[in-house]
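Visitor: Any chance you could fold what I've pasted below:
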Amino acid sequence: MTNPWRGEVTLVIDGHPRVMRLTLGALAGLEAALAEPSLVSLVERFEQSRFSSADVLALLKAGLLGGGCAEVAADLDHAEIEGGPMAAARAAAELIARAFVVPGA
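Guide: Purely as a prediction, here's the structure:
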């Protein structure tokens, strides 16, 4: 079950719902992977729609790692994401939003 108060987002990958979450460690790894100098610039990159499919993939991998799904993150490049690229992009945006905004605010 997804808990938005913990910043969790669920995405169906290879037919299985996977709970993702951006922990501080996952965010630090994401900053490094995307060569962003700060959390603010990372968020701005997504808010200003300056992201690529590789950025979405990196964000989903970070969320999977933060959610305890390292084996799924390692295979994500070849996985089937229910809803395709648009669902992946929506989940990535939701991960960023839930990492920095209190649900219902």
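Visitor: can we go C-alpha only for contacts and neighbour counts from here?
Guide: Fine.
Visitor: Quick one: residues contacting the closest residue to Thr10 other than its chain neighbours.
Guide: Of all residues not flanking Thr10 in the chain, Val19 sits nearest, at 4.4 Å (C-alpha to C-alpha, 6 or more residues apart in numbering). Each residue near Val19 by C-alpha atoms under 8 Å, 6 or more residues apart in numbering is listed here: 1-2, 8-11, 64, 67.
Visitor: Give me the buried entries from those residues.
Guide: Those of the contacts of Val19 that meet the buried threshold are 8-11, 64, 67, by 16 or more other C-alpha atoms under 10 Å.
Visitor: quick one on the thing from earlier: closest to Asp77 out of the contacts of Val19?
Guide: Distance to Asp77, by C-alpha to C-alpha, is smallest for Leu64 among those, at 12.7 Å.
Visitor: buried stuff in the helix or strand where the closest one lies?
Guide: Assessed by DSSP states H and E, Leu64 sits inside helix 53-66. For helix 53-66, the neighbour count (16+ other C-alpha under 10 Å) marks 55-66 as buried.
Visitor: Could you export the next helix-or-strand element following that helix as PDB, keeping only the C-alpha atoms?
Guide: Next along the chain after helix 53-66, taking DSSP H and E as the criterion, comes helix 70-74. Taking C-alpha atoms only, helix 70-74 is exported to PDB below (Å, rounded to 0.1, in the frame of the first residue of the first chain):
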ATOM      1  CA  ALA A  70      17.400  -2.500  -5.900                       C
ATOM      2  CA  GLU A  71      17.000  -5.600  -8.100                       C
ATOM      3  CA  VAL A  72      14.100  -4.000 -10.000                       C
ATOM      4  CA  ALA A  73      16.100  -0.700 -10.400                       C
ATOM      5  CA  ALA A  74      19.000  -2.600 -11.900                       C
END
